[in-house]
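Enquirer: Turn this into a structure:
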Amino acid sequence: MQPYSPEGVHAAPPTAEELRRAVGTGEIFQAQCLKCDEFHNLHLDLKDAQGIIPREEAAMGIREGKTKEIAVLSRVGKWVSFQVLGFDSRGTAILSRRAAQAEAKSYFLNALRPGDIIPAVVQNTAPFGVFCDIGCGCTALMRIERCCISRLTTTAELFHPGQQIFAAVLGVDDAEGLINLTGRELLGTWEENADLFRPAQTVTGFVRSIMSYGVFVELTPNLSGLAELSVPVAINDPVSIYIRSIQHDKHKLKLTVLEKLNEPIPPQLNYFQTSGHLEQWEYYAGSPAVTNF
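Expert: Presented below is the predicted three-dimensional model:
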């Protein structure tokens, strides 16, 4: 198991006795942030003790001016990781999220290899990619083209903040020390996804592109097919789909759009692998979607 959990995963606040025993040991705990005061210090919910993370200890890069203040302000109401530095004269625990992050990042940069599968939590989405917490608030990036086989307009179509996901390590940007992730390899091959469906079934999907000869509809993030258009639709509309045929030899689906759905459909991430290591992945034999780790 990965020794450094994303914030909010496997989380439980420490007791006062655990805090005192952990002074200077480097042991990492998690607790919820209740307040960010006017000095940008974080106040934590430690149940039977008072705890504070001074501003400069709230995130890596804050003291050097490399990290924006929003990284501190945005922690209110969320879980944060920390180490115990000591106690002040009033018995308040003085904590450091920065130290926990620095230890975790050092581990990730030295221990993780391309192809390693790890858990992560979505921090925020952007048109070009999704930022993920891979442990103690350490950020990694999954670019939009690595999220799935489907052509997304923005990563918000598939992800939302706080979502627990899995990803494989793609590599490290040496200039920034940023770990890059990929997710599509864990969401199954063409065959694995096609085997979830049968001809003559009616299922739901999302319109991903509109052409003069039809529309491409996503049944899963790693499976799309060409559909006849019988009703007006727009990109990203949820629709009901009739499966006319599944052509395994050609890796194609023939579909018919029955109707546009008025109710939103939450996207589903069906993982075919959530642990271990990948050396190589191919969407189907001869596909351009190939990853060599």
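
Enquirer: Give the buried residues for the helix or strand hosting residue 207.
Expert: Applying DSSP states H and E as the criterion places residue 207 in strand 202-211. Under the neighbour-count criterion of 16 or more other C-beta atoms under 10 Å, strand 202-211 has 203, 205, 206, 207, 208 buried. Heads up, the C-betas are built off the backbone N, CA and C, glycines and all.

Enquirer: what does stretch 22-35 give?
Expert: 22, 28, 29, 30, 31, 32, 33.

Enquirer: Kindly state the pLDDT recorded for residue 2?
Expert: Residue 2 carries a pLDDT value of 68.

Enquirer: all helices for this structure, in order.
Expert: 16-21, 70-73, 97-111, 190-194 (DSSP state H).

Enquirer: Just list the residues touching residue 80, thanks.
Expert: 7, 30, 31, 32, 33, 42, 44, 53, 97, 137 (C-beta atoms under 8 Å, 6 or more residues apart in numbering).

Enquirer: Check what pLDDT residue 130 gets.
Expert: pLDDT, read off for residue 130, is 97.

Enquirer: low pLDDT regions in the protein?
Expert: 1-2, 174-175 (pLDDT under 70).

Enquirer: So which residue is dead centre in it?
Expert: In the chain, the residue lying closest to the centroid (C-alpha atoms, centre = their mean) is residue 122, at 3.6 Å.

Enquirer: Correct me if wrong: that one contacts residue 156.
Expert: No: counting by C-beta atoms under 8 Å, residue 122 stays clear of residue 156, with 10.0 Å between them.

Enquirer: and the gap between the residue in the chain sticking out farthest from the centre and residue 14?
Expert: For the chain, the largest distance from the centre (C-alpha atoms, centre = their mean) belongs to residue 89, which lies 40.4 Å off. Separation of residue 89 from residue 14 (C-beta to C-beta, to the nearest Å) stands at 21 Å.

Enquirer: hang on, the earlier thing: would CSV of the helices of the chain with mean neighbour count and distance to residue 38 be doable?
Expert: Formatted as CSV, the helices of the chain follow (neighbours: other C-beta atoms under 10 Å; distance: least, C-beta to C-beta, whole Å):
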stretch, mean neighbour count, distance to residue 38
helix 16-21, 15, 25
helix 70-73, 15, 11
helix 97-111, 19, 19
helix 190-194, 18, 52
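
Enquirer: could the ones you listed go into JSON lines alongside distance to residue 238?
Expert: Output for the helices of the chain, formatted as JSON lines (distance: least, C-beta to C-beta, whole Å):
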{"stretch": "helix 16-21", "distance to residue 238": "47"}
{"stretch": "helix 70-73", "distance to residue 238": "32"}
{"stretch": "helix 97-111", "distance to residue 238": "37"}
{"stretch": "helix 190-194", "distance to residue 238": "18"}
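
Enquirer: closest one to residue 221 among those?
Expert: For residue 221, the closest of the helices of the chain is helix 190-194, at 8.7 Å, according to C-beta to C-beta.

Enquirer: Quick one: list the elements packing against that closest one.
Expert: strand 223-228 (3 or more C-beta pairs under 8 Å, 6 or more residues apart in numbering; DSSP states H and E).

Enquirer: What pairs with the strand it packs on, parallel or antiparallel?
Expert: If you go by DSSP bridges, strand 223-228 pairs up with strand 214-220 (antiparallel), strand 252-260 (parallel).

Enquirer: what comes into contact with it?
Expert: Against strand 223-228 from outside (C-beta under 8 Å, 6+ apart): 149-150, 188, 190, 193-194, 196-197, 208, 213-219, 241, 243, 252-257.

Enquirer: what do you get if the cut-off is 6 Å, keeping everything else the same?
Expert: 150, 193, 214, 215, 216, 217, 218, 253, 255, 256, 257 (C-beta atoms under 6 Å, 6 or more residues apart in numbering).

Enquirer: Can you give me the distance of the third one to residue 122?
Expert: It stands for residue 214. Taking C-beta to C-beta, one finds residue 214 at 32 Å from residue 122.

Enquirer: what's the answer for the fifth one, then?
Expert: Residue 216 sits at a distance of 25 Å from residue 122 (criterion: C-beta to C-beta).

Enquirer: likewise the fourth one?
Expert: Between residue 215 and residue 122 the distance, using C-beta to C-beta, works out to 28 Å.
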